[in-house]
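[1] The sequence and its predicted three-dimensional model are supplied below.
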Amino acid sequence: MVSEHIETFLLVFELFFEAIGTVIIIYGGLKATVQIFLHEVFKRTYNLEKIRKELTNKILFGLEFYIVVAILGTLRDPSREELLLLSSIVLIRTVLGYFLSKEMKEYRFGE
């Protein structure tokens, strides 16, 4: 009975953190899209590298929440499949983080 409550508790937080990560990534994408649109159509002065950097930061931050979701899923159901999923997500996040931060450093040197 207690384990059912814990499982439900973990599931609720999985859904909560998944929603937060998704909202952060969507917000970053929409914000970047609007800024690029304003830059292109109305010739507003936006620094495209800054827009790209902000979008990259939002993507990385959203992915951090997906790692939390994977960890909670593994705690709830510590099967081999869940451990492989968690490992895959962490690996993908690490590789993405490395290349995105490398790209951001290249933009700093280009300024």
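    Thanks, I have it.

[2] for the protein, what are the low-confidence residue spans?
    By pLDDT under 70, the low-scoring segments of the chain are 1-2, 104, 107-111.

[3] which helices and strands does the strand or helix carrying residue 9 pack with?
    Using DSSP states H and E, residue 9 sits in helix 2-41. Counting contacts by 3 or more CB pairs under 8 Å, 6 or more residues apart in numbering; DSSP states H and E, helix 2-41 is packed against helix 48-76. Any C-beta I mention is one placed from the backbone N, CA and C, and that applies to glycine too.

[4] Can you name every helix or strand that the helix it packs on contacts?
    Other helices and strands packing on helix 48-76, by 3+ CB pairs under 8 Å, 6+ apart, are helix 2-41, helix 80-110.

[5] and the longest one, which residues are buried?
    Within helix 2-41, the residues that qualify as buried by neighbour count (16 or more other CB atoms under 10 Å) are 10, 14, 17, 18, 20, 21, 24, 25, 28, 32, 35.

[6] Show me which of those residues is closest to residue 81.
    Closest approach to residue 81 among those (CB to CB): residue 14, at 15.4 Å.

[7] sorry, back to before: same list, the helices and strands packed on helix 48-76, but as a markdown table with distance to residue 66 please.
    As requested, those are exported to a markdown table (distance: least, CB to CB, whole Å):
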| stretch | distance to residue 66 |
| --- | --- |
| helix 2-41 | 5 |
| helix 80-110 | 6 |
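
[8] Was I right to think residue 36 contacts residue 46?
    Yes - in terms of CB atoms under 8 Å, residue 36 counts as a neighbour of residue 46; the distance is 7.4 Å.

[9] if I look at residue 10, how far off is residue 47?
    Taking CB to CB, to the nearest Å as the measure, residue 10 and residue 47 are separated by 42 Å.
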